[in-house]
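In: quick check, what structure comes out for this input:
(chains A and B, ligands or ions: 2)
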Amino acid sequence: MALLSPFMDALRPPAFHRTWNKREPAKVVAKRAADLPGMTALPIRSLMPDLPQTIWSEDALLGPTNLDEVRRQAQVRAEALDWSKIEAGRMVNLIANPHGLQLCGEAYVTMLEVIAEHVKKTRGAKVRLRIAESMGHIENPDWVKIYRLEERFGDVEECPQMGAGTKVDTKLGDMYVTKKLFDAPYFIHTHVTEMREGYLHRMLDRLMKPFGMAYARLESRSAYHFGFGPRTGQIVSRCIFESDFIQQRYVGTMVLDTTSEGVVSVEADNDLKALDRRLAAGIMRNYAMAMKILGEIEDCVVVFDDHGCGVYCYAGGIAFDNMLCADVDFMDLDNLSLLAAERHDSAEPGLTMGKNNAIKAIVVNYMAGGVPQPFLWDNYPIHVVGDTVNRWMLNDPSNYHFDRAKAPVWPTLDEAVEAACRDGGTDNIIVFDRTPGAFRVSRKLGEHLMSRAPHVRDRVENEFLPKWLRQRGLAL
Amino acid sequence: MPKRVRMVAQIIVDKCTGCRLCEQVCPTVAIGMRPRRADEPGTGRNIAVLEPEACYNAQACVEICPDDAIEMVELDEPFDVGFELPQVDEDAVKTLCRKAGYGRNMQICVCTDTKAGDIATAIIAGAHSPEAVSLATGARTGCVELCMQPILHLLACAGHGDAPRNPKNGFQWYGESATLWQHVQPDGSLPEAIRNAFPEYPLDKEFGDMAKLKRR
Ligand code: SF4
Ligand code: SF4
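Out: Ligands and ions are numbered 1, 2, ... in the order given. As a prediction, the model looks like this:
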């Protein structure tokens, strides 16, 4: 199999960082799943050869790792944006989110630096960095230290969504946002276009999503899930973004457009809706193969080996939530695809989701806590590697139910994976270890996915994409 | 529905500046303040104090503390909360859930697996504020990203939408956030202004399909 090349096998998962709550997974995890015997890296490009080339990748095997082109494009975009709203001497909140730091690291920080410098220089304004944080923060890597953000930006603050809030009058009524993100006369919105939580945003107002999630206070964040249907939660994001309070302060948006391999361009607009419409088709196209090929897995063991929290562990540039819901076309707006968190008793395919029967067992080598995942602990046999990781899991304030999984704790990763494969009656393994650009899989599974790629490509091109685009009034 | 509390917070006295932020976010109001004694190290007039049995391992305080002055410590003997709820009239529970638009078994707090019926039970048994609901059920002591609105909504439907905040200047919760459901008219449709505002969203289908689920 030519495309499962030893060259790509050299791709490594990113190292674990020290977490914000002082955990050191790098010292606890003895072996990475990439080092299990018989594993290979299946490049997303081999599934989709016309994937756009990156201008920045985390790994030199995937594209340039220097930041020159990101900086150049960010500068060009910054010069083209209209900043005239910003008055000299006044304060601008430059809003960042942890997903940008997690996925695009230095490229995201570079974009933030270019914006901050440009606005300071051309408007004579003050700029401070505000990072929107949710509860998962507790176990997040300490991004401020990792990227030396205080040194680089001066005034930096992480703003948890449980912090003080501000009531915002919207088209539907009162909603709440995190006060510290918007406590300046102006703010700038930044984002990355990656495909996480597609079953929530459904690629409707995708770039506005943080306004209903990361920037929202708990009341509105929770209303997104409980006060709207599974295709209409994004209306929270729209309502907050379009509110007078936000519009009075909003200046513009800059985003990194990404694929599984890294950043493909820097994009910006003062008109967020227009930017969203411009990028939406490309986002769906660039991630469709990675998403849909996961639906071709018939049986497998999933290994978490990442600093994400379960559904937010990444493989091939996409989050595990894509794998969990891989048997449902959640981009199809005709499909209700109610997510697990709101699951009623019904399990009619297409109506509710949250269990993928192809997953036969899960091994936790390492994952962060902070996000509840009973739909994993209750639905799949779980195996854990090592007492320390097991204790971290049990102590997680959001996963009280982890205990219910009665997960055997194995001294080594090899033993855990062997037991999971035995339990699950499969020798297929897929690892969520945040390796960009490729799925880390056992060789046989890699070959199976390669053999299914032409069929999936055909369905993506002729069935899924045309339908998704038509439903959203978009052209490719 | 319940939670096994395996860790509780511990205040690191010399780091605590008495800024009160932790007090304002703790979902079970487990933190208060006391004056710093002259012989105690550290700055600030006050020091946070914890009531350990009211600490349900929510870690909201750890998240908000600007001075790294709170640590979570493992308990030798974990304790359970919310496993046993008081007996109340089951019809009243169902009526309250129905009024709020939730199925009795709908999961509200995913972190602790607390159902709408459990929240309604606690409310009917006398928990008339979000913190009382948390103390009774354990709900809202995890991520809070999912459960906040439905708890406020169930309380409001039971006539307790005006519970005073505890502490007064705290920001564990503000008020109910607007929803789409609240705008549904008696005939099941949405006002035209809302339909026109969001033409790209499949509003009609959403209601039809959600109704199908609710009938189950
Ligand atoms: S916020 Fe959570 S961890 Fe902190 S004192 Fe309150 S219940 Fe305990
Ligand atoms: S938030 Fe931290 S510094 Fe402030 S009172 Fe609480 S423990 Fe002390």
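In: please count neighbours and contacts with C-alpha atoms only from this point.
Out: Noted.
In: can you tell me what sits against stretch B:65-73?
Out: If you take Cα atoms under 8 Å, 6 or more residues apart in numbering or on different chains as the criterion, stretch B:65-73 is touched by B:7-17, B:21-22, B:57, B:59, B:61-62.
In: of these, grab the buried ones for ChimeraX.
Out: The buried residues among the contacts of stretch B:65-73 can be selected in ChimeraX (16 or more other Cα atoms under 10 Å in any protein chain shown) with this line:
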select /B:7,8,9,10,11,12,13,15,16,17,21,22,57,59,61,62
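In: domain ranges for the chain?
Out: Picked chain A for this. A:6-51+A:287-467, A:68-286 (automatic domain parsing).
In: you answered for a different chain; I wanted chain B.
Out: As given by automatic domain parsing, the domain ranges for chain B are B:3-81, B:90-157, B:181-215.
In: report the mean confidence score over the first one.
Out: Along domain B:3-81, the predicted confidence averages to a pLDDT of 93.
In: does that domain reach ligand 2?
Out: Yes: against ligand 2, domain B:3-81 shows contacts by Cα under 6 Å from any ligand atom at B:11, B:16-22, B:47-48, B:65-67, B:69-70.
In: show me what contacts residue 26?
Out: Unless you meant another one, I'm taking chain A. Here A:A26 is in contact with A:A15, A:F16, A:H17, A:R18 (Cα under 8 Å, 6+ apart).
In: sorry, I should have been clearer: chain B.
Out: Counting by Cα under 8 Å, 6+ apart, the residues that B:C26 touches are B:A58, B:A60, B:C61, B:Q172.
In: do A:T232 as well
Out: A:T232 neighbours (Cα under 8 Å, 6+ apart): B:Y201, B:P202, B:L203, B:E206.
In: which helix or which strand is home to the closest residue to the first one other than its chain neighbours?
Out: Distances taken as Cα to Cα, 6 or more residues apart in numbering or on different chains put A:T232 closest to B:Y201, at 6.3 Å, once the chain neighbours are dropped. When secondary structure is defined using DSSP states H and E, no element contains A:T232, which sits outside every helix and strand.
In: and A:T232, how far is that from B:E206?
Out: With distances taken as Cα to Cα, to the nearest Å, A:T232 is found 8 Å from B:E206.
In: shouldn't A:V364 be in contact with A:D306?
Out: No: contact criterion Cα atoms under 8 Å: A:V364 and A:D306 do not qualify, at 9.2 Å.
In: please say which of those two ends up with more neighbours.
Out: Each of A:V364 and A:D306 has its neighbours counted (other Cα atoms under 10 Å in any protein chain shown); A:D306 has more, 28 against 24.
In: tell me the predicted confidence for the residue in the stretch 151-300 of chain A that ligand 2 sits nearest to.
Out: The nearest approach of the stretch 151-300 of chain A to ligand 2 comes at A:G163, 11.3 Å away (Cα to the nearest ligand atom). For A:G163, the model assigns a pLDDT of 92.
In: and what of the one 4 residues further on?
Out: For A:K167, the model assigns a pLDDT of 97.
In: now do the one 3 residues further on
Out: Note for A:T170: predicted pLDDT of 98.
In: and what of A:K27?
Out: For A:K27, pLDDT reads 96.
In: sheet partners, orientation included, of the helix or strand hosting A:V255?
Out: Per DSSP H and E: A:V255 is located in strand A:250-259. Here strand A:250-259 has these sheet partners by DSSP bridges: strand A:186-192 (parallel), strand A:262-269 (antiparallel).
In: tabulate the ones you listed (JSON lines), appending mean neighbour count, mean pLDDT and distance to A:E219.
Out: What follows is those, written out as JSON lines (neighbours: other Cα atoms under 10 Å in any protein chain shown; pLDDT from 0 to 100; distance: least, Cα to Cα, whole Å):
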{"stretch": "strand A:186-192", "mean neighbour count": "24", "mean pLDDT": "98", "distance to A:E219": "21"}
{"stretch": "strand A:262-269", "mean neighbour count": "23", "mean pLDDT": "98", "distance to A:E219": "29"}
